[in-house]
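Chemist: Sequence first, predicted coordinates after that:
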Amino acid sequence: MSIQGEATLRLLDKADKEIIKLSRDVKGAIYDFQHKFRKNPANPGLHFKQLKGHPRLYSARVNQEYRALLLHAGESDYILVAVKHRKDVYENLDRFAYQINPVSGGIEFVDLVTIEERVGEQKPAGPETLFSAHTTEQLLELGVAEPLLPLIAKITTEEELLGLAEYAPQLTGEVLLALHDGKSAEEVLDQVTAPVTAPDPVDAEDYQAALARPATLVTTEDTALQEILEGDFGRWRVFLHPAQRKTVERAYSGPARLSGGPGTGKTIVALHRVRHLVDKLGPGHGKAVLLTTFNKNLAVDLRRRMLELAGPEVVDRVDIVNIDSLAAKIVAEAEPGGQRRWIDDTKAIMEWEELLGEAGETRWDPDFLHAEWSHVILGQAINSRADYFRARRAGRGRTITREDRAAIWQLVERYVKQLDKKELWTYRQVAERAARLEIERARKIASYEANQIDSVKLQHDSGIWYRPRYRHVVVDEAQDLSAAHWKMLRAMVPEGPNDIFLAGDTHQRLYGNYVSLGTLGINIRGRSSRLTLSYRTTHEILGAALGVLGQEEWDDLDDGRDDLSGYRSVLHGMRPTLRPAPTWEAELDAIVDQVREWDDVAPAAIAICVPERAMVSEVENRLGKAGIFATSIGPEGPKLYDAVHVGTMHRFKGLEYQRMIIAGVAEGLVPSHRVMQYERGDALRFRRELQQARSLLFVACTRARDSLVISWHGRRSRFLP
Ligand SMILES: Nc1ncnc2c1ncn2[C@@H]1O[C@H](COP(=O)(O)OP(=O)(O)OP(=O)(O)O)[C@@H](O)[C@H]1O
């Protein structure tokens with residue numbers, strides 16, 4: 001083998017965990033080492049040499065004491081698998097093992113001594129071990145790393161298992177934890193192993209092929225190792241789960257959808273996907289990629305994370321904006337100088353209240369009329385009374401007569417006039433208008449392409465050349481977009497490979513927008529994938545959160561069903577605390593006590609979530625009086641960072657905290673009295689409202705990374721176990 005010339009040096013997943021713990025001096029030496037090595041592995045100062053009995057394993061000198069362990073992956077590709085003290089390398093070479101996993105096809109390295117130390121003192125193998133019910137063949141078939149089998153055979157406690165999983169190859173840890181959670185071998189094969197199984201037969205010696213597989217968890221960029229050494233390391237930026245990486249890099253022939261429970265990394269995949277698409281486009285093309293989401297604060301967060309992941313050059317080529325701001329921009333562009341203010345659904349319902357009060361109308365409530373107008377009339381672009389008489393009212397529950405329709409149409413006309421007079425526009429109106437403008441624009445482009453003559457006229461009309469707005473559209477929080485949003489997006493990007501990529505989870509739908517993408521020209525059939533491993537929340541918190549969802553059925557944005565089978569976590573911690581209180585006052589006192597008890601973490605690692613807006617300031621005040629700095633989360637995110645965050649459940653979407661208290665989880669609040677008013681009457685409406693209330697609590701519960709307290713006063717919520 002020749003080692004002349006330049007080499008690549010990647011870092012294997014989990015090697016970072018030991019490197020982070022080394023002293024600053026050693027880290028500095030690794031920094032110099034990696035530069036030298038990449039330039040010329042044959043540099044005599046590196047003492048580069050093969051380890052006895054390990055044809056692919058090499059050591060190289062980092063400094064006088066420390067050695068880097070390098071796995072040769074063919075040609076000039078090397079993987080840094082560990083940095084160790086000299087004596088830990090040469091004294092016991094049997095401690096190291098590596099392989100291409102025959103199931104996943106990924107490169108794996110294990111240091112048996114380190115893992116044994118993590119597992120702790122064990123009793124000799126006996127019948128009482130955790131995995132004695134499983135045969136060696138079974139474990140291997142599931143993808144467990146063979147060199148670890150003797151150690152696995154001795155594990156007797158969950159603590160030992162967690163110790164092993166921390167340093168074992170990813171798949172081994174996932175499989176063992178899923179078995180330990182009580183899943184059958186068949187379930188584990190189906191839910192854990194199958195999604196990361198290599199599609200083609202695995203050649204145990206072809207390390208070059210293995211290096212390219214998503215199952216090989218290595219850094220791809222030179223900068224990653226530097227970031228670890230500088231202590232500025234986000235694992236999400238470099239070690240994608242094989243299922244995540246597959247989705248990031250896949251070439252889709254049309255629109256594709258990614259689903260998955262909370263914390264499975266959908267946003268992370270969306271970010272990586274954007275970078276991947278920009279890289280593939282090559283130079284030029286302007287801002288050819290759109291990255292959009294529902295909430296404004298999440299769009300701000302996406303920009304921050306996109307910068308962190310890909311740097312300003314990539315970000316400059318991406319439009320990152322929340323969907324309603326995008327629609328507003330399109331409308332403003334078409335109608336410059338407009339004076340209108342835009343209002344959200346809550347304000348729009350207040351406008352309905354005003355109108356119904358003035359009209360003395362009591363047959364319908366403001367919620368009902370707003371939904372009828374938004375979903376049936378605006379949603380289907382109905383412009384006349386006659387069309388409304390014929391309109392489909394799918395999913396609206398309560399049936400209405402012809403006379404009802406006539407009366408509703410009249411009220412809607414009055415309502416629209418009232419908004420016009422006040423120069424107001426609801427976001428739904430803006431979205432509909434933007435969709436129509438974009439559809440018109442797409443039509444012009446198509447006619448230009450079909451008939452060159454039109455181009456003269458087009459240029460004449462507007463003075464600009466029409467071209468598609470984007471080459472690729474990537475959507476996060478897709479479950480909350482409305483039909484009008486999708487119509488607008490569909491028109492913004494020409495149909496073709498990788499045109500639209502959407503990530504979302506219908507279990508987290510908070511804004512009542514139910515769509516069928518197929519009917520909106522977005523055909524995702526055959527291009528759907530799902531993530532199942534949560535990186536955020538512990539197994540114990542996930543269990544409680546799933547309990548909140550009950551036995552409801554959930555859609556897949558496309559007339560099919562979605563579920564959370566296989567949704568799991570490899571993180572373990574305390575069970576959530578369920579804490580009743582006699583009164584709201586007592587609950588507030590308990591919040592203060594709990595936050596005081598959590599003085600081992602920074603205030604901003606703690607959040608308190610409540611069902612109603614008025615409760616936010618009450619919590620904030622009470623904490624303030626107790627000398628605890630607290631801040632509320634507004635529409636644009638938290639007002640301050642170095643404080644305990646307090647907000648309503650809606651505000652927590654997409655966020656995460658180490659410790660969380662969800663307070664006020666009582667009947668009448670969760671679900672609210674407003675929801676319960678539909679119990680007698682509109683059955684479909686009631687079901688949907690109840691489902692949405694469940695989703696809201698589910699979202700809140702899944703924001704917690706490792707501690708969750710749920711409290712209530714009065715009667716506990718029906719959603720709690
Ligand atoms: N491959 C990974 N390696 C390390 N951390 C990861 C990885 N993927 C995701 N994470 C972390 O898991 C957490 C959740 O990720 P993300 O926000 O993308 O999940 P999500 O599926 O979008 O969640 P939600 O549906 O709740 O919004 C984040 O802290 C993220 O950094």
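Modeler: In hand now; what should we look at?
Chemist: the helices in the stretch 451-600 of the chain, which residues?
Modeler: Ranges of helices in the stretch 451-600 of the chain, per DSSP state H, counting those that start in this stretch, are 452-462, 483-492, 539-549, 584-597.
Chemist: elements contacting the second one?
Modeler: Put plainly, it is helix 483-492. strand 289-293, helix 323-334, helix 427-450, strand 472-475 (3 or more CB pairs under 8 Å, 6 or more residues apart in numbering; DSSP states H and E). Every residue, glycine included, has its C-beta placed from N, CA and C.
Chemist: That one to helix 427-450, inter-axis angle?
Modeler: Counting by axes from the mean of the first three to the mean of the last three CA atoms, to 10 degrees, helix 483-492 lies at 20 degrees to helix 427-450.
Chemist: How about the residues of this protein by the ligand?
Modeler: 235-236, 239-241, 244, 260, 262-268, 505, 508, 535-536, 654, 656, 702 (CB under 6 Å from any ligand atom).
Chemist: Drop anything exposed from these.
Modeler: In the residues of the chain next to the ligand, burial by neighbour count holds for 236, 239-241, 244, 260, 262-268, 505, 508, 535-536, 654, 656, 702, counting by 16 or more other CB atoms under 10 Å.
Chemist: which ones among those are found in helices?
Modeler: Of those, the ones assigned to helices by DSSP state H are 236, 244, 266-268.
Chemist: Could I get the contacting residues of the nearest residue to residue 521 once chain neighbours are set aside?
Modeler: Excluding the flanking residues, the one nearest residue 521 by CB to CB, 6 or more residues apart in numbering is residue 490, at 4.7 Å. Neighbour list for residue 490: 500, 520-522 [criterion: CB atoms under 8 Å, 6 or more residues apart in numbering].
Chemist: run the last query once more with 10 Å
Modeler: Contact analysis of residue 490 by CB atoms under 10 Å, 6 or more residues apart in numbering lists 255, 435, 438-439, 442, 473, 499-500, 517, 520-522.
Chemist: can you check residue 188 too?
Modeler: Per CB under 10 Å, 6+ apart, neighbours of residue 188: 134, 138-139, 141-143, 174-179, 181, 194, 566, 568.
Chemist: Next: residue 375.
Modeler: Taking CB under 10 Å, 6+ apart as the criterion, residue 375 is in contact with 393-396, 428, 482-483, 512-514.
Chemist: One more: residue 148?
Modeler: 97, 108, 110, 112, 115-116, 139, 164, 167-169, 172-173, 176.
Chemist: redo that, cut-off 8 Å
Modeler: Neighbour list for residue 148: 110, 112, 115, 164, 168, 172 [criterion: CB under 8 Å, 6+ apart].
Chemist: From the ligand, how far off is it?
Modeler: 22 Å (CB to the nearest ligand atom, to the nearest Å).
Chemist: Look at that residue and report its pLDDT.
Modeler: Per-residue pLDDT puts residue 148 at 96.
Chemist: nearest spatial neighbour of residue 670, skipping sequence neighbours?
Modeler: residue 717 (4.4 Å).
Chemist: okay but the one you found is in contact with residue 694, surely?
Modeler: No: between residue 717 and residue 694 there is no contact under CB atoms under 8 Å: 9.8 Å.
Chemist: Quickly note the distance from residue 482 to residue 430.
Modeler: The gap separating residue 482 from residue 430 is 11 Å, by CB to CB, to the nearest Å.
Chemist: Could you do residue 362 as well?
Modeler: Counting by CB to CB, the gap from residue 362 to residue 430 is 30 Å.
Chemist: Give the residue from those two that has the larger number of neighbours.
Modeler: residue 430 (24 against 8; other CB atoms under 10 Å).
Chemist: got a list of what the more buried one touches?
Modeler: 324, 327-328, 331, 342.
Chemist: Show the pLDDT at the closest residue to it other than its chain neighbours.
Modeler: Using CB to CB, 6+ apart and skipping residues adjacent in sequence, the residue nearest residue 430 is residue 327, 4.9 Å away. Reported pLDDT at residue 327 in the predicted model: 96.
Chemist: Can you verify my assumption that residue 327 contacts residue 429?
Modeler: No: here residue 327 does not reach residue 429: they are 9.6 Å apart, not a contact under CB under 8 Å.
Chemist: Those two: which has the busier surroundings?
Modeler: Neighbours were counted for residue 327 and for residue 429 using other CB under 10 Å; residue 327 has more, 28 against 22.
Chemist: Could you check how far that one is from residue 333?
Modeler: For residue 327, the distance to residue 333 - CB to CB - is 11 Å.
Chemist: re the thing from before, just the contacts of residue 430 now: which is nearest the ligand?
Modeler: Nearest to the ligand out of these is residue 324 (CB to the nearest ligand atom; 18.6 Å).
Chemist: So which residues lie in contact with the helix or strand hosting residue 137, not counting its own?
Modeler: Residue 137 belongs to helix 136-142 when assigned by DSSP states H and E. Identification of contacts with helix 136-142 by CB under 8 Å, 6+ apart yields 102-103, 131, 146, 149, 152, 175, 179, 185, 188-189, 192-193.
Chemist: So among those residues, which ones count as buried?
Modeler: 103, 131, 146, 152, 175, 179, 185, 188-189, 192-193.
Chemist: Might you report the residue contacts of residue 132?
Modeler: By CB under 8 Å, 6+ apart, the neighbours of residue 132 are residue 153.
Chemist: Could you pull up phi and psi at it?
Modeler: With angles defined as degrees, to the nearest 10, residue 132 sits at phi -60, psi -20.
Chemist: Report the separation between it and residue 139.
Modeler: In terms of CB to CB, residue 132 sits 11 Å off from residue 139.
Chemist: and the helix or strand hosting residue 150, what does it pack onto?
Modeler: Here residue 150, judged by DSSP H and E, is contained in helix 149-152. Here helix 149-152 touches helix 112-119, helix 136-142, going by 3+ CB pairs under 8 Å, 6+ apart.
Chemist: that older thread, pull the most distant pair out of the contacts of residue 430.
Modeler: 324 and 331 (10.5 Å; CB to CB).
Chemist: Many thanks, I have nothing further to ask.
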